[in-house]
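Quick one, structure for this:
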Amino acid sequence: MTKPLLAPLIAEIPPSRFTSLDGTTPQIGDIVQLDQGFTFPEGEPGCLVYLVARDGTYRYTAEVYESEIGPDISA
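Numbers count the residues shown, from 1 in each chain. Prediction:
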């Protein structure tokens, strides 16, 4: 099984770009799991990310610009 890519959030994510599943909101420093890459309407690269709790439950999903996440730390 492939290990998921993980990266820290390095910018605040506005409410219009995340969905909380349990009341948790994105915080700078959260280690998120990267999923699908895409292009925002203005042409900037983005990625769908998830915050996954230690028990495996999903806490939030967010659409982030690549500039809002740090380097991959999953190695």
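
Give me the contacts around stretch 38-45.
Residues outside stretch 38-45 that contact it (C-beta atoms under 8 Å, 6 or more residues apart in numbering) are 37, 46-48, 63, 65-67. (C-beta placed from N, C-alpha, C; glycine too.)

I'd like the average pLDDT over that stretch.
Mean per-residue pLDDT for stretch 38-45: 97.

Equivalent analysis for stretch 66-75, please.
Taken as a whole, stretch 66-75 has a mean pLDDT of 92.

For it, which residues meet the burial criterion?
When burial is assessed from 16 or more other C-beta atoms under 10 Å, stretch 66-75 yields the following buried residues: 68-70.

Adding secondary structure, write those out as JSON lines.
Formatted as JSON lines, these follow (DSSP: H, G, I helix; E, B strand; the rest coil):
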{"residue": "68", "secondary structure": "helix"}
{"residue": "69", "secondary structure": "strand"}
{"residue": "70", "secondary structure": "coil"}
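
In a markdown table: those residues, plus distance to residue 13.
Below are these laid out as a markdown table (distance: C-beta to C-beta, whole Å):
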| residue | distance to residue 13 |
| --- | --- |
| 68 | 7 |
| 69 | 10 |
| 70 | 14 |
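
Closest one to residue 15 out of these, please.
Of all those, residue 68 has the smallest distance to residue 15: 14.3 Å, by C-beta to C-beta.

pLDDT value on residue 1, please?
67.

Equivalent analysis for the one 10 residues further on, please.
We have a pLDDT of 98 for residue 11.

Now name the helix or strand holding the spatially most central residue of the chain.
Nearest to the geometric centre of the chain sits residue 49, at 2.9 Å (C-alpha atoms, centre = their mean). In this assignment (DSSP states H and E), residue 49 forms part of strand 45-52.

quick one: strands adjacent to that strand?
With DSSP bridges as the test, strand 45-52 is paired with strand 31-39 (antiparallel), strand 58-65 (antiparallel).

Out of the ones you listed, which is the most enclosed?
Most buried of the strands paired with strand 45-52, by mean neighbour count (mean count of other C-beta atoms under 10 Å): strand 58-65, with a mean of 18.
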